[in-house]
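Peer 1: what's the 3D shape of this:
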Amino acid sequence: MFLKLFSLFLIIPVVEIYLLLKVGEIIGALNTVLIILITAGIGAYLTKSQGFRVLRQIQDATMQGYMPGNELLHGLFVLIGGFALLTPGFLTDTIGFSMLIPQIREIYVRIAKGIIRKKIQQGNIQMRMYTDFR
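Peer 2: Residues are numbered from 1 along each chain as shown. As a prediction, this is how the structure comes out:
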C-alpha cells in the first residue's frame, strides 16, 4: 500500500508538470495560468454546491432512520474532487471534475464499495454496530 501511494504521489506531479509545460508552450504561460485559476474557481463553486447537496441527502437518510453509507461515500468523493480541483494541473482537474458529476461519481462509489466489500470478506476490515447512543 505504501509503495502504491508513494508511486502515485511521485507520478502525478511529474505528469502535471509535463502537461503544464506542454500546454504553456502551445497557448502561452499567461493563458495556462488563467485556465488554472478559472478551473479552481469553478471547482470551488461546484464543490460547494455538490457538497451541500450530499449533506442534504445525508440528513434525509438519517431522518428516515437508516445509515447513509452511500451518501457518505458520495461526500468523500466530493471532498476528494474539491481538493483535486484546487491542486494546479490538468490531470487533477480532470479527476476532480469527474468526481463532482453525480453520474460519474456513482462509478467511483461503486468501485469503493466493491473494494470495501472485498476487504471485509478478507477480514481486513471489521464492522461493529453500537445501538446505544448516549
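Peer 1: List the buried residues of the longest helix anywhere in the chain.
Peer 2: For the chain, the longest helix by residue count, based on DSSP state H, is helix 29-63. Across helix 29-63, burial judged by 16 or more other C-beta atoms under 10 Å covers 32, 35-36, 39-40, 43, 46-47, 50-51, 54, 57-58, 61. All C-beta atoms are positioned from the backbone trio N, CA, C, and that covers glycine.
Peer 1: The residues you listed: which two are farthest apart?
Peer 2: The distance between the two most remote of the buried residues of helix 29-63 (C-beta to C-beta) is 41.9 Å, for 32 and 61.
Peer 1: Can you pull the poorly scored residue ranges out of the chain?
Peer 2: Scanning the chain for pLDDT under 70 picks out 126-127, 129-134.
Peer 1: Please enumerate the helices of the chain.
Peer 2: For the chain, the helices defined by DSSP H cover 2-27, 29-63, 69-86, 90-100, 102-122.
Peer 1: what comes into contact with the shortest one?
Peer 2: Residues lying outside helix 90-100 but in contact with it, judged by C-beta atoms under 8 Å, 6 or more residues apart in numbering, are 12, 15-16, 19-20, 23, 36, 39, 43, 46-47, 50, 77-78, 80-85, 87, 104-105, 108.
Peer 1: try stretch 106-117
Peer 2: Stretch 106-117 is contacted by residues 70, 73, 74, 76, 77, 98, 99, 125 when judged by C-beta under 8 Å, 6+ apart.
Peer 1: Give me the distance between the first one and residue 50.
Peer 2: Remark: distance between residue 70 and residue 50 (C-beta to C-beta, to the nearest Å) = 15 Å.
Peer 1: Equivalent analysis for the fourth one, please.
Peer 2: In this structure, residue 76 lies at 12 Å from residue 50, with C-beta to C-beta as the measure.
Peer 1: And the second one, by the same measure?
Peer 2: From residue 73 across to residue 50, the span is 13 Å (C-beta to C-beta).
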